[in-house]
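Undergrad: Let's see this in three dimensions:
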Amino acid sequence: MRTENLDRRERVLAALDGLGIGYKLVEHPAVFSAKDNDDSIAMERAAGGAVIFKNLFLRNKDKSRYYLYSLPIDKRADLPGLAKLLGEKKLGFGSAEALWDKLHITAGTVSLLNVVDAVGTEVTVLIDRDIYKSEGFGIHPNDNTATVVLLPEDIVRVLEWAGVEYRFVELGCGG
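TA: Predicted coordinates for the structure are as follows:
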C-alpha cells in the first residue's frame, strides 16, 4: 500500500474523529472500480450490511463544471437524466488531470470523502437519495484498500465542514 494513500486515509479518519462522527473501517484488497468489486455482497456483509457506494467524477460538455456523483454500487448511473436534472447539455467523465487538479486524488480512490483533502473545491457533490434507504453506507476514505461505513446523515456534516456545494438527486431505479 502506498504511503500517500495511508496519509490520506488518516486525514479522513482524523476529520471524522474531529467532527465526532462514528464510523467503521473495513480493510480489503485494493478496489479500483465498481467492476473490480465482483463480490459486493461479501463486502456489504463485511461492512455490517451497509450499502457500498460507487463514485463518479464527471464534467459538463465544455469542462466548465465538475461533479462528484455518488450512488449505490448496484445502481446504473443515468448520465443523460442527471445532465437534464442539472441543466447541462451532456455529462462525461473527467480526466485524470482534472481529478487531480480539482480533488487532489487519483483514479481508483474517488469518493465523497475526497473533499477532506480538497476543502472548498469547486466540484459539486451529488449524492443519490437512496443513501437514506439504508442504515449505513460504505465509501473509500481516500484509499482504495479500505471502506469507511458511515450513517447517511453524517455525510452532510462532512460536506458542510469542507465547504463544498452538494445536492441530493433522485434518478430512476437500480440495476
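Undergrad: Give me the below-cutoff pLDDT ranges for the protein.
TA: Of all residues in the chain, those with pLDDT under 70 make up the ranges 1-6, 29-49, 172-175.
Undergrad: Longest helix of it, counting residues only.
TA: The longest helix of the chain (DSSP state H) is helix 3-18.
Undergrad: Who are the packing partners of that one?
TA: Contact here means 3 or more Cβ pairs under 8 Å, 6 or more residues apart in numbering; DSSP states H and E; on that basis helix 3-18 packs against strand 146-150, helix 152-162. To be clear about C-beta, it is placed using only N, CA and C from the backbone, and glycine gets the same treatment.
Undergrad: Let me see the ranges of the helices in this protein.
TA: Remark: helices of the chain, listed N- to C-terminal, are 3-18, 40-46, 79-86, 96-103, 152-162; assignment by DSSP H.
Undergrad: Take those and write them to JSON lines, including mean neighbour count and distance to Thr121.
TA: Listed next are the helices of the chain as JSON lines, based on neighbours: other Cβ atoms under 10 Å; distance: least, Cβ to Cβ, whole Å:
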{"stretch": "helix 3-18", "mean neighbour count": "16", "distance to Thr121": "14"}
{"stretch": "helix 40-46", "mean neighbour count": "16", "distance to Thr121": "27"}
{"stretch": "helix 79-86", "mean neighbour count": "16", "distance to Thr121": "17"}
{"stretch": "helix 96-103", "mean neighbour count": "16", "distance to Thr121": "6"}
{"stretch": "helix 152-162", "mean neighbour count": "16", "distance to Thr121": "8"}
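Undergrad: Just the CA coordinates for the longest helix of the chain, please, in CSV.
TA: Listed next in CSV are the C-alpha coordinates belonging to helix 3-18 (Å, rounded to 0.1, in the frame of the first residue of the first chain):
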residue,chain,number,x,y,z
THR,A,3,2.2,5.7,2.0
GLU,A,4,0.4,8.7,0.4
ASN,A,5,-2.8,6.7,0.4
LEU,A,6,-2.3,5.9,4.1
ASP,A,7,-1.7,9.6,4.8
ARG,A,8,-4.9,10.5,3.0
ARG,A,9,-6.8,7.8,4.9
GLU,A,10,-5.5,9.1,8.2
ARG,A,11,-6.6,12.7,7.3
VAL,A,12,-10.1,11.4,6.5
LEU,A,13,-10.3,9.5,9.8
ALA,A,14,-8.9,12.5,11.7
ALA,A,15,-11.6,14.7,10.1
LEU,A,16,-14.3,12.2,11.1
ASP,A,17,-12.9,12.0,14.6
GLY,A,18,-12.7,15.8,14.9
